[in-house]
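A.B. asks: This is a predicted model, with the sequence first.
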Amino acid sequence: MLEATELHVEFSGRGGRRARAVDGVNLSVGAGEIVALVGESGCGKTTLARTLLGLERPTSGRISYDGTPLSYSGRALRAFRREVQLVLQDPMGSLNPRHTVYEAVAEGPRIHGLPDEEAVVADALARAGLRPPERFFQRFPHELSGGQRQRVVIAGALALDPKVLIADEPVASLDASVRGEILSLLLRLRDDLGLSALVVTHDLGLAWNIADRVAVMYLGRIVESGPTGDVLKNPQHPYTQALLSVLPESPNRIVLTGEPPDPTRIPAGCRFHPRCQLVAAGEGKPECSTQPLQILPAGTAAQVACYLATT
Amino acid sequence: MSNVTWVRRRRAIGRFWADFRTHRAGVVGLVILAVAVVLALLAPLFIDASVTNVVSGTGAKMAPPSLDDPLGTDESGRSVLLMIWWGSRTSLLIGFLAALLSMVIGTVLGIAAGHFRGRIGAVILRVTDWFLVLPSLVTALVLAAILGGSTATIIVAIGVTSWPSTARLIRAQTLAVEARPYIERSLALGAGHWHITTRHVLPNVAPLLLASTTLEVASAIVTESTLAFLGVSANKTSWGTMLRGSYDWGAATAGAWWYILVPGLCIVTVVMAFTLCGRALETVLNPRLRTRAHA
C-alpha cells in the first residue's frame, strides 16, 4: 500500500556537509500488515517515517501510495493525509496543552471539513478505547495519564479513517504496564479496521510482539528485513545479531566497538564494516570495505545486505 | 464553533479572573482604568467640546483652584478640570487605537516572520530590524508633520513606529510554539499555514499579546503627550496639548502649578494604571512566569 522506492533524504549541515539521513531505502507496508522499523537512534528511521508521511521531501526516489506516486501539491497531499496518519512518541508534547481532548481529536475532521464532527470524535475516542467518549471531551491533556494521552493521539489519527498508521516510537515514553495496552490497541485496530502500521522503534521486544515484518535500519539503509520470526530468531546480518545479543535473555553479548555512525561520513563498502564484529574478528572479505552493497528490494521475504551472510 | 468549546472558554475565563484577582496592584490599575474610561465615555452627557473653546472661558485667567473651578483655570479662563475631563477622550482614544494598530502590525508580521522560515521570514525580519533602529519619536514627528495634523494621522504615526518590538516578541514566541510536536501532528493531519497560525500559534501568543498591548497603550499615551508637547497634535485638547499650553503661556513662571501638575499627574496615573494592569496580566498569562502546571 505505502511504498518507498530508492528513497534518499539529505540535509545540508553546517559547513556545507551533507548528511545522508536516508540513503537508499526500499520499503513497503502491505494492507493490514504491521511492519517494525528497527534501528539505533540517529540511523534515519524517524526521517524515513517523516518522509513516508510527506512531511519531508525526498532528495531522490519516491513514495507511492496504492501504486500512485505521492505528489506534493497541496490538494494531493491533503487527500494523502486522510489515508496515512501519524502517532508520535511523546503524547504530552503532541497534544496542544490549550486544547481539550475534544478539540484535539476534532482537529483532523475540522481541517478536512468532515460532516457530523461530534459523532466522528465520539466514535474515534471509543475506538481508541476511551469510553464513554463524552466523559473525556472536556478534559485537558494534563489531566490524563500517559496511556490515555496516547489513546487521544491515536483517536485523533483514527478520526480521519486512515488506512496506514505511522507510529514513531509509540510507547517509548510510556511505562511498561501501559505499553501492553497501547500495543494491543494497535493490534486490535489492525484486526477490526484492517489498519496497516509502520512502527518505528529501537525496541526489538516491541517489534517481536506486534510486527509481521521487521526491517533493521543502519545508517540510512535497511540492512536486513523479513518476517519477524525469521529476522529475530535467525538474524543474518552481524548488526542484527549484535542488537539481539544485548537483550537480557541472550547468552553471549556482542558489544559493538568503534565510533557511533555519522550520516555525514558514510564509510565506503559495507557501511557497517568499521564496527562489524565479524570484520574485527578477521572474518571479513576484501569487498566489505571496498564494494558498495546493493540496495535491498522491497520484498516480503527474508533478505540481508551483507557479504558475510551465510544464506 | 461547537458547544463544547464554549464551555471550555467560560471555564478558562473564570480561572483567569481568579488568578488576576490575586494581584492587588493589577486590580488597582484595572479600577483606575475603568474609572478613567467610564468618565471619558460619559463626558458627552455632561459637557461638550465648548469647554475647550478659548472664547467661552468664564473664569479669571490662571486663577488658582477655587470652589467655582476646583482645579483652577488656564490662560483663557477655561476650567482645567473640565478640559482634563474632555481631553481624556482624545488621550485615551489615541492611546488605545495607536496601541491596537501597532499590535495588529506587530502580530501579523511577527507570526509571518516566525512561520515562514525561508526568504519571506528573513525579509520581514530585516524590515523589522530597520524599523527597530529608527528613532521612533523623530519618525513619528516627521510622519505626523507630513500627513498633517488629525487624530488619525497621530494614531498612524505612533502605530507604525512602535510595532517592531512586538513583532520581535511574537516572532520569538511563534518559533517556540512551532517547535512543539503538536505542530508536527497538526501538519500530518493536513493543516495548512492558516490553520497552524490561527489555531495553534495565535492562541499561544494571545496572552502575551494582551499583556503587551496593555503596556503599549501606556507608551502610546506618553508618545502622544510628547508629540503634542513638541507641537504635533490633532488640534484637539488632550493632556499633552494642555501641557504644551502651560509651557507656552509660562504657567511655571506665573506660579500656576495646577495648570502643569494636573495634566501631568493624569498622564502619570493612567500610564501607571496601564502598566500595573499589563504587568499583572503578564504574570497571570505568561506560562513561563507561572508556577502552575497548566499553561
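C.D. replies: Everything's here; your move.
A.B. asks: Hmm, A:P227 and A:A302 touching each other?
C.D. replies: Yes: applying C-beta atoms under 8 Å as the test, A:A302 and A:P227 come out as touching, 6.4 Å apart. Quick note: C-beta positions are derived from backbone N, CA and C, even for glycine.
A.B. asks: Run through the residues of the stretch 51-200 of chain B sitting next to chain A.
C.D. replies: Within the stretch 51-200 of chain B, the positions adjacent to chain A are B:180-182, B:184-192, B:195, B:199-200 by C-beta under 8 Å from any C-beta of the partner chain.
A.B. asks: Of those, which count as buried by neighbour count?
C.D. replies: B:180-182, B:184-191, B:195, B:199-200 (16 or more other C-beta atoms under 10 Å in any protein chain shown).
A.B. asks: Now, the residues you listed that are in helices?
C.D. replies: Counting by DSSP state H, the part of those found in helices is B:P181, B:Y182, B:E184, B:R185, B:S186, B:L187, B:A188, B:H195.
A.B. asks: Regarding A:R62, what is its secondary structure?
C.D. replies: strand (DSSP: H, G, I helix; E, B strand; the rest coil).
A.B. asks: Could you report the pLDDT at the closest residue to it other than its chain neighbours?
C.D. replies: Distances taken as C-beta to C-beta, 6 or more residues apart in numbering or on different chains place A:P69 nearest to A:R62, at 4.9 Å, with adjacent residues excluded. For A:P69, the pLDDT comes out at 90.
A.B. asks: again, but for the one 3 residues further on
C.D. replies: Among the per-residue scores, A:Y72 shows a pLDDT of 86.
A.B. asks: nearest residue to it other than its sequence neighbours?
C.D. replies: A:R57 is the one closest to A:Y72 (C-beta to C-beta, 6+ apart), at 6.4 Å.
A.B. asks: now do A:P132
C.D. replies: A:A126 (7.6 Å).
A.B. asks: just checking, the one you found touches A:P133?
C.D. replies: Yes: proximity of A:A126 to A:P133 meets the contact threshold set by C-beta under 8 Å, at 5.1 Å.
A.B. asks: Please identify which of the ones in helices among the buried ones among the residues of the stretch 51-200 of chain B next to chain A is nearest to B:R78.
C.D. replies: Using C-beta to C-beta, B:H195 comes nearest to B:R78 of these, at 55.9 Å.
A.B. asks: my guess is the closest one contacts A:H112, does it?
C.D. replies: No: with contact defined as C-beta under 8 Å, B:H195 does not count as touching A:H112 (10.7 Å).
A.B. asks: what does the stretch 101-250 of chain A put close to chain B?
C.D. replies: The stretch 101-250 of chain A has residues A:102-103, A:106-108, A:111-112, A:117-118, A:137-138, A:140, A:142, A:153, A:156-157, A:160 near chain B, with proximity defined as C-beta under 8 Å from any C-beta.
A.B. asks: Which ones among those residues map onto strands?
C.D. replies: Within these, no residue falls in strands by DSSP state E.
A.B. asks: Can you say which of those residues are buried?
C.D. replies: The buried subset of those (16+ other C-beta under 10 Å) comprises A:102-103, A:106-108, A:111-112, A:117-118, A:137, A:140, A:153, A:156-157, A:160.
A.B. asks: can I get the ones in helices among the buried ones among the residues of the stretch 51-200 of chain B next to chain A in JSON lines with pLDDT?
C.D. replies: As requested, those are exported to JSON lines (pLDDT from 0 to 100):
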{"residue": "B:P181", "pLDDT": "91"}
{"residue": "B:Y182", "pLDDT": "92"}
{"residue": "B:E184", "pLDDT": "91"}
{"residue": "B:R185", "pLDDT": "92"}
{"residue": "B:S186", "pLDDT": "93"}
{"residue": "B:L187", "pLDDT": "91"}
{"residue": "B:A188", "pLDDT": "91"}
{"residue": "B:H195", "pLDDT": "92"}
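A.B. asks: between those residues, which is nearest B:T253?
C.D. replies: Nearest member of these to B:T253, counting by C-beta to C-beta, is B:H195, at 63.7 Å.
A.B. asks: Roughly how far does the spatially closest residue to the closest one that is not a sequence neighbour sit from A:R127?
C.D. replies: The shortest distance from B:H195 to any residue other than its chain neighbours is 5.9 Å, reached at A:I111 (C-beta to C-beta, 6+ apart). According to C-beta to C-beta, to the nearest Å, A:I111 and A:R127 sit 19 Å apart.
A.B. asks: and what of A:D116?
C.D. replies: 16 Å.
A.B. asks: any idea which helix is longest in the chain?
C.D. replies: Defaulting to chain A. helix A:176-193.
A.B. asks: nope, chain B please
C.D. replies: As assigned by DSSP H, the longest helix anywhere in chain B is helix B:80-115.
A.B. asks: could you give me the average pLDDT of it?
C.D. replies: For helix B:80-115, the mean pLDDT works out to 91.
A.B. asks: swap in stretch B:217-232?
C.D. replies: 87.
A.B. asks: Return the set of buried residues in it.
C.D. replies: Buried residues in stretch B:217-232, counted by 16+ other C-beta under 10 Å: B:217-229, B:232.
A.B. asks: Next: stretch A:8-22.
C.D. replies: So stretch A:8-22, judged by 16+ other C-beta under 10 Å, has buried residues A:H8, A:V9, A:E10, A:A19, A:R20, A:A21, A:V22.
A.B. asks: outside of that stretch, which residues touch it?
C.D. replies: Stretch A:8-22 is contacted by residues A:7, A:23-24, A:44, A:47-48, A:51, A:56-61, A:220, A:263-264, A:266 when judged by C-beta atoms under 8 Å, 6 or more residues apart in numbering or on different chains.
A.B. asks: again, only this time at 6 Å
C.D. replies: Stretch A:8-22 is touched from outside by A:7, A:44, A:47-48, A:51, A:56, A:58-61, A:220, A:263-264, with contacts defined as C-beta atoms under 6 Å, 6 or more residues apart in numbering or on different chains.
A.B. asks: Start and end of that stretch, how far apart?
C.D. replies: 5 Å (C-alpha to C-alpha, to the nearest Å).
A.B. asks: Could you give the separation of that stretch from the chain centroid?
C.D. replies: Relative to the chain's own centre, stretch A:8-22 is displaced by 21 Å; criterion: C-alpha atoms, centre = their mean, to the nearest Å.
A.B. asks: Low-confidence regions, chain A specifically.
C.D. replies: A:310-311 (pLDDT under 70).
A.B. asks: Could you say which helix or strand holds the spatially most central residue of it?
C.D. replies: Relative to the mean C-alpha position of chain A, the nearest C-alpha, by C-alpha atoms, centre = their mean, is the one of A:V200, at 2.5 Å. Per DSSP states H and E: A:V200 is located in strand A:196-201.
A.B. asks: returning to that earlier point: quick one: which of A:A126 and A:P133 has more around it?
C.D. replies: Between A:A126 and A:P133, counted using other C-beta atoms under 10 Å in any protein chain shown, the more crowded position is A:P133 (21 against 16).
A.B. asks: what's around the closest residue to the more buried one other than its chain neighbours, how many residues?
C.D. replies: Of all residues not flanking A:P133 in the chain, A:L125 sits nearest, at 3.7 Å (C-beta to C-beta, 6+ apart). When counting by other C-beta under 10 Å, one arrives at 27 neighbours for A:L125.
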